[in-house]
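*Asks:* Need coordinates for the following:
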Amino acid sequence: MVLKAPPVFRAVEAIWQEAGEGAPKPHTILMTPQGRPLNQKRVAELARFPHLVIICGHYEGMDERVRHLVDEEISIGDYILTGGELPAMVLVDATARYVPGVLGEDASVEDDSFSDGLLEYPHYTRPPEFRGLKVPEVLLSGDHERIRLWRRQQSLKRTLERRPDLLFKATLSDEDRRLLTSEDIQ
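*Replies:* Residues are numbered from 1 along each chain as shown. This next block holds a predicted model:
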């Protein structure tokens, strides 16, 4: 089953016209496993567009001519789903996090995994001990500099353990290199 080009063209062009005369054409994306892999950097870039149009197929996709409508093609991974609806929702959710007011604090996205190319540090909340599992003492210390260093160290180590491919691509500071080999921040 392949979606026909004429209805897709009519739908997308109608959306473009709604943008208004003289307004820039909305950035148009085709969700496809053949597209460029979506990553955090691209999500942040897409969030800067005032309008996005997302086209997604189902089953076999759509008539090849639909590609003439799009500014870019995006994939959410190297696997196949029955349709592009879920990838479109992933794109919308990831991008919406960058829209002011969507998260409680706009700075929240700055510490997320992948925002600086690394995985995020571990998080803890109350109580300070649960079933013998304790919150690290440094987080209870109130020493903001030690907490910052601990978080960075944990981010680096977690990335090394779980996604070394990310660490090898990251630009590390001298402090980062020291933190990777140090055990002193407890």
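*Asks:* What is the three-state secondary structure of P33?
*Replies:* When states are read from DSSP: H, G, I helix; E, B strand; the rest coil, the local structure at P33 comes out as strand.
*Asks:* Could you check how far the closest residue to it other than its chain neighbours is from P24?
*Replies:* Closest residue in space to P33, ignoring its immediate chain neighbours: S75 at 5.1 Å, by C-beta to C-beta, 6 or more residues apart in numbering. (Glycine included, C-beta is placed from N, CA and C.) For S75, the distance to P24 equals 25 Å [C-beta to C-beta, to the nearest Å].
*Asks:* Against Y98, how distant is the residue nearest to P33?
*Replies:* When distance is defined by C-beta to C-beta, S75 is 20 Å away from Y98.
*Asks:* quick revisit: counting neighbours, go ahead and name the busier of S75 and P24.
*Replies:* Regarding S75 and P24, a neighbour count based on other C-beta atoms under 10 Å identifies S75 as having more, with 17 against 11.
*Asks:* buried stuff in stretch 76-92?
*Replies:* Residues of stretch 76-92 classed as buried by neighbour count (16 or more other C-beta atoms under 10 Å): I76, G84, P87, A88, V90, L91.
*Asks:* And for stretch 165-178?
*Replies:* Neighbour-count burial for stretch 165-178 flags L166, L167, D176 (criterion: 16+ other C-beta under 10 Å).
*Asks:* Those residues in helices, which ones?
*Replies:* The subset of the buried residues of stretch 165-178 located in helices under the criterion DSSP state H comprises L166, L167, D176.
*Asks:* Save those residues as CSV, and put in distance to I147 and pLDDT too.
*Replies:* Formatted as CSV, these follow (distance: C-beta to C-beta, whole Å; pLDDT from 0 to 100):
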residue, distance to I147, pLDDT
L166, 23, 93
L167, 22, 92
D176, 16, 96
